[in-house]
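Student: Just the structure for this:
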Amino acid sequence: QVQLVESGGGLVQAGGSLTLSCAASGGTFSRSAMGWFRQAPGKDREFVAAISVSSGTAYYADSVKGRFTISRDNAVNTLYLQMNSLKPEDTANYYCAADSPPYSTSIYEYDYWGQGTQVTVSS
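Tutor: Predicted structure coming up:
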């Protein structure tokens with residue numbers, strides 16, 4: 001079983017940057033596909049980005065493509081999300097999740113979830 005803990009959220013002005021981290025323990029991070037999702041108040045949880053086991057493939061939601069970068073370091077069991085050019089509509093609670101390979105964009109495919117980290121972008 002994988003335990004996931006997100007960190008790095010906060011308050012940032014529009015146009016700014018943040019890097020989220022997701023520390024994994026208790027499982028097989030290096031053999032899990034990983035994803036980032038987000039949920040704004042009153043909205044469904046939505047896919048943001050996903051990455052394959054070997055970091056060979058990454059996939060992004062259209063809304064973040066070109067601004068966000070997902071990466072992972074299997075040596076330290078950590079997933080990252082570099083977020084640049086942030087917009088107020090990026091405001092949400094961001095979650096990392098672990099999946100069996102190959103990666104998926106569907107929340108229903110992910111087996112383990114973190115508690116989330118809040119990102120607030122002011123205009």
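
Student: Tell me the helices and strands packed up against the lowest-mean-pLDDT helix or strand in the chain.
Tutor: In the chain, the helix or strand scored least confidently by mean pLDDT, DSSP states H and E is strand 110-113, which has a mean of 94. Counting contacts by 3 or more C-beta pairs under 8 Å, 6 or more residues apart in numbering; DSSP states H and E, the secondary-structure elements packed against strand 110-113 are strand 3-7, strand 92-99. Placement of C-beta: from N, CA and C, glycine included.

Student: Out of these, which one sits most buried?
Tutor: Mean neighbours per residue, mean count of other C-beta atoms under 10 Å, is largest over the helices and strands packed on strand 110-113 for strand 92-99, with a mean of 23.

Student: so that one versus strand 3-7, what angle?
Tutor: In this structure, strand 92-99 runs at an angle of 150 degrees to strand 3-7, with axes from the mean of the first three to the mean of the last three C-alpha atoms, to 10 degrees as the basis.

Student: Apart from its chain neighbours, what residue comes closest to the spatially most central residue of the chain?
Tutor: Ranked by distance to the mean C-alpha position of the chain (C-alpha atoms, centre = their mean), the top residue is Trp36 at 2.4 Å. Counting by C-beta to C-beta, 6 or more residues apart in numbering, Val48 is the residue found nearest to Trp36 once chain neighbours are left out, at 4.3 Å.

Student: Helix or strand: which one has that neighbour?
Tutor: Take DSSP states H and E as the rule and Val48 turns out to sit in strand 46-51.

Student: re earlier: got the contact list for the residue nearest to Trp36?
Tutor: Under the criterion of C-beta atoms under 8 Å, 6 or more residues apart in numbering, the contact list for Val48 reads 35-38, 60-61, 64, 68, 81, 94.
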